[in-house]
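> Need coordinates for the following:
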Amino acid sequence: MEKIFQALSSTVRRKILAYLSGGSMTAGEIAERFEISKPSLSKHLNILENAELVRREKKGQFIHYSLVQENLANTLNGFIQEVCPVSRPLKKESAEKASQRKA
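Numbers count the residues shown, from 1 in each chain. This is a model prediction of the structure:
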């Protein structure tokens, strides 16, 4: 979870994720939207990939990046359930129902 929050701490990386929410893009297409160096963009993409928020796929001579939506959603949902007071009763109720099914 820490890698994901570290990846989300950068405005540039959050913007990259927002762009990728519309579909996969090449590194060049992503770079067109920022005024940063290619090595800097590459570093941001690597951080997102290491956090498993994006995946890369080579298609011909281009590398396409896409959002790994389920990882972001699961991590944020898990975090919210840990810290949100409203979710605590729901977690307790869910645990009780699960133990009743086992019995």
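
> Show me where this protein has its helices.
2-8, 11-20, 27-31, 38-50, 69-83, 87-102 (DSSP state H).

> give me the number of residues near Ile4?
19 (other Cβ atoms under 10 Å). Quick note: C-beta positions are derived from backbone N, CA and C, even for glycine.

> still on that earlier bit, just put the helices of the chain in TSV and tack on distance to Gly60 and mean pLDDT.
Below are those laid out as TSV (distance: least, Cβ to Cβ, whole Å; pLDDT from 0 to 100):
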stretch	distance to Gly60	mean pLDDT
helix 2-8	28	89
helix 11-20	19	96
helix 27-31	13	95
helix 38-50	18	96
helix 69-83	25	77
helix 87-102	45	62
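
> Any idea which of the ones you listed gets closest to Gln61?
helix 27-31 (10.9 Å; Cβ to Cβ).

> Lys59: which of the helices of the chain is closest?
Of those, nearest to Lys59 by Cβ to Cβ is helix 27-31, at 11.9 Å.

> so what secondary structure elements neighbour the closest one?
helix 11-20, helix 38-50, strand 62-67 (3 or more Cβ pairs under 8 Å, 6 or more residues apart in numbering; DSSP states H and E).

> now these as TSV including mean neighbour count?
Shown next, in TSV, are these (neighbours: other Cβ atoms under 10 Å):
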stretch	mean neighbour count
helix 11-20	16
helix 38-50	16
strand 62-67	16
